[in-house]
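>>> any chance you can model this:
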Amino acid sequence: MPHLFKDQSKLSFDYVPDKLCHREAQLERLGMIFRPVLDGTMAQTAFMIGSVGTGKTATSKRFCLDLMKAAQEKGRTMDYIIVNCRQRSTEVAVLRRIVMHFDENFPDRGFSTEEMLRSIRKHIEKRKMHLVVVLDEADVLLSKGAADLIYQLTRFDEEVIGGRPSMSVIMISQKNVLDMLDAASSSTFRRANAIRFDKYDVRDLVDILKVRADLAYHPGVVRQDSLDLMADIASEFGDARFAIELLDKAGMLAEEEGSEHLTPENVRGAKALTYSVVTESKIEDLDKQHKMVLLAVARSIKDQAYVRTPEAESAYKLVTEEYGEKARGHTMFWSYLQDLTNQGLVGTRVANEETGGRTTFISLPDVPAKVVRARLEESLGG
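This next block holds a predicted model:
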């Protein structure tokens, strides 16, 4: 049985590549904001905003790791901690997580927020270090009224006279949490220090997947058309996490089948396992002509990522003949195809050909072609 993976851990959400594709501008902006921290002159705050899967957490990890390295080269002691505020959604839970960064045996309960803040200060002073606290999904924390904690962390050094700044704070959120802060807390988060993360487009996602595929799989395992299909599917959400999850699950399906390559059929199978929007009732509710068009697409696409419209239309004519129906003309075929696209049963995209013309490519984004074929043949046969 072929072993396709070289290092599957490179597809883990916890893994952070040495270089992040298409997040160079955000890393550079963070570097500019935190330059005074590196120089030891002042603490800083920053706010990272963007939807799910846009690389906010990965960028914060990459930045903090690079910042630690730069500080070490300057002879400074610096550390960071990322707190997931969805998992730790109260002031006490967040502070306890920070204390446990220094003391794993810190008790579960029995300490007030003031006592935990004092404990954190002692650990930082003892190590003569600067700590960067990253509050991931900070909106969850703030929605429960924890603005006072933000104030305490961002003003951590206020009572220290003549000492070096010792704590900086980065907040990460899908929402603009600056409006959720009270006036005292929001004054420490300059709106100019907000860094936006836009959704990835198809080209971005192909680049990200190529890097991960090279790290995780043996050479030649992942076909380019499979990468293109994964990027195309995930681009609906602009979500790199979803794309990487497809890359991981599709590889496992390919291994189970004993295949030597990760094919578009494996990608469709992975999509069905992770985020399928196709249901049997959707297919069952189609009339006979729509079912025959969908069957034609499923048959002609085989194990490819896409099929051209003329090939699908030729297959449609054969399908109608097989089931004793009259094939509709090109205009009606195109109309049926658009209906299927609107229902999410097929995907279509237009691309320029080398000859100068434009061709529509059809995909099955949700489920393997063989599953669609079997379901439709059963339905039409009845």
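
>>> residue 132: what secondary structure?
Following DSSP: H, G, I helix; E, B strand; the rest coil, we place residue 132 in the strand state.

>>> i'd like the first residue to be 36 from this point on
Yes, from this point I'll number from 36; that puts the last item at residue 167.

>>> for residue 361, give me its contacts.
The contact partners of residue 361, by CB atoms under 8 Å, 6 or more residues apart in numbering, come to residue 355. To be clear about C-beta, it is placed using only N, CA and C from the backbone, and glycine gets the same treatment.

>>> what about it, which helix or strand?
Using DSSP states H and E, residue 361 maps to neither a helix nor a strand.

>>> go on, residue 408?
Per DSSP H and E: helix 404-416 holds residue 408.

>>> then residue 206?
Using DSSP H and E, residue 206 sits within strand 202-208.

>>> residue ranges for the helices of the stretch 136-285 of the chain, please.
For the stretch 136-285 of the chain, helices defined by DSSP state H, counting those that start in this stretch occupy the ranges 148-162, 173-177, 182-189, 218-221, 237-251, 259-269, 275-292.

>>> where does the stretch 236-385 of the chain dip in pLDDT?
Applying pLDDT under 70 to the stretch 236-385 of the chain flags the ranges 310-316.

>>> strand partners (parallel or antiparallel) of the strand holding residue 206?
strand 80-85 (parallel), strand 165-171 (parallel) (DSSP bridges).

>>> contacts for that strand?
With CB under 8 Å, 6+ apart, strand 202-208 has contacts from 69, 72, 78-84, 91-92, 95, 159, 165-174, 185, 188-189, 191-192, 212, 223-224.

>>> and it, how far out from the chain middle?
Centroid separation between strand 202-208 and its chain, computed with CA atoms, centre = their mean, to the nearest Å, is 20 Å.

>>> got it, and stretch 255-268?
Relative to the chain's own centre, stretch 255-268 is displaced by 16 Å; criterion: CA atoms, centre = their mean.

>>> could you pull out the buried residues of it?
256, 257, 258, 261, 262, 263, 264, 265, 266, 267, 268 (16 or more other CB atoms under 10 Å).

>>> shouldn't residue 301 be in contact with residue 288?
Yes: assessed by CB atoms under 8 Å, residue 301 is found in contact with residue 288 at 4.7 Å.

>>> so between those two, which is more surrounded?
Shown here are residue 301 and residue 288; by other CB atoms under 10 Å, residue 301 has more neighbours (29 against 20).

>>> distance of the residue lying farthest from the centre of the chain from residue 321?
In the chain, counting by CA atoms, centre = their mean, residue 359 sits farthest out from the average C-alpha position, at 46.5 Å. As judged by CB to CB, to the nearest Å, residue 359 and residue 321 stand 18 Å apart.

>>> repeat for residue 339
If you go by CB to CB, the gap between residue 339 and residue 321 works out to 23 Å.

>>> same check on residue 179?
46 Å.

>>> neighbour count winner among the two?
residue 321 (19 against 11).

>>> how about that one: what's its closest non-neighbour residue?
If the residues on either side of it in the chain are set aside, residue 321 comes closest to residue 329, at 6.9 Å by CB to CB, 6 or more residues apart in numbering.

>>> which residues does the one you found contact?
Shown in contact with residue 329 (CB under 8 Å, 6+ apart): 318, 321, 375, 380, 381, 407, 411.

>>> please identify the helix or strand for it.
Using DSSP H and E, residue 329 sits within helix 323-336.

>>> that helix vs helix 404-416, what angle?
150 degrees (axes from the mean of the first three to the mean of the last three CA atoms, to 10 degrees).

>>> return the distance of helix 323-336 from the chain's centre.
32 Å.

>>> likewise for stretch 130-141?
Mean-position distance between stretch 130-141 and its chain equals 29 Å (CA atoms, centre = their mean).
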